[in-house]
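**Q** quick check, what structure comes out for this input:
(one chain, ligands or ions: 1)
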Amino acid sequence: MNELVRVARLLRGYLPTLLDAAEAAAYDQRIAELLAADRAGLPIDDDLVELVASSPALHTWVARVLESPWLLPQEVSERYTPLAGDRAGSDLQRYACPVDGDVEWYRVSLSDPVPICPQHGKALVLAGPA
Ligand SMILES: [Zn+2]
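**A** The predicted structure is shown next:
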């Protein structure tokens, strides 16, 4: 899978922590459209990069994910310590949208409430390691 597509899915899971509700909803809709276009075989990288660059908060967040060794959000990697010999990230709980998988999020603590997919209105489900 295209690295940018994976980061876009993750970004959707963290938009509510990066932007206010109205902005997050607007960006989520736009990213959902791009992911649907990707699934239809259309090139989306340029549009995705442009979209991310239009918000300093998103730009900073995405740059940090792309720099991280396992493409993890900083708020996940800094709370996560892999056990010796573990495959990187293998014991992280990855959640995804149950409809199309186009929203991803990591549960680091049981006290983290599982988000709802803003597009489909369904709670994300455990999807196993990426
Ligand atoms: Zn969904």
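
**Q** I figured residue 73 hits residue 12, correct?
**A** No - the pair residue 73 and residue 12 fails to qualify as a contact (CB atoms under 8 Å) at a distance of 11.7 Å. Quick note: C-beta positions are derived from backbone N, CA and C, even for glycine.

**Q** gap between residue 35 and residue 22?
**A** According to CB to CB, to the nearest Å, residue 35 stands 21 Å off from residue 22.

**Q** with residue 32 instead?
**A** Separation of residue 32 from residue 22 (CB to CB) stands at 16 Å.

**Q** excluding its backbone neighbours, what's nearest residue 122?
**A** residue 98 (5.4 Å; CB to CB, 6 or more residues apart in numbering).

**Q** ok, that neighbour touching residue 124?
**A** Yes - between residue 98 and residue 124 there is a contact under CB under 8 Å: 7.2 Å.
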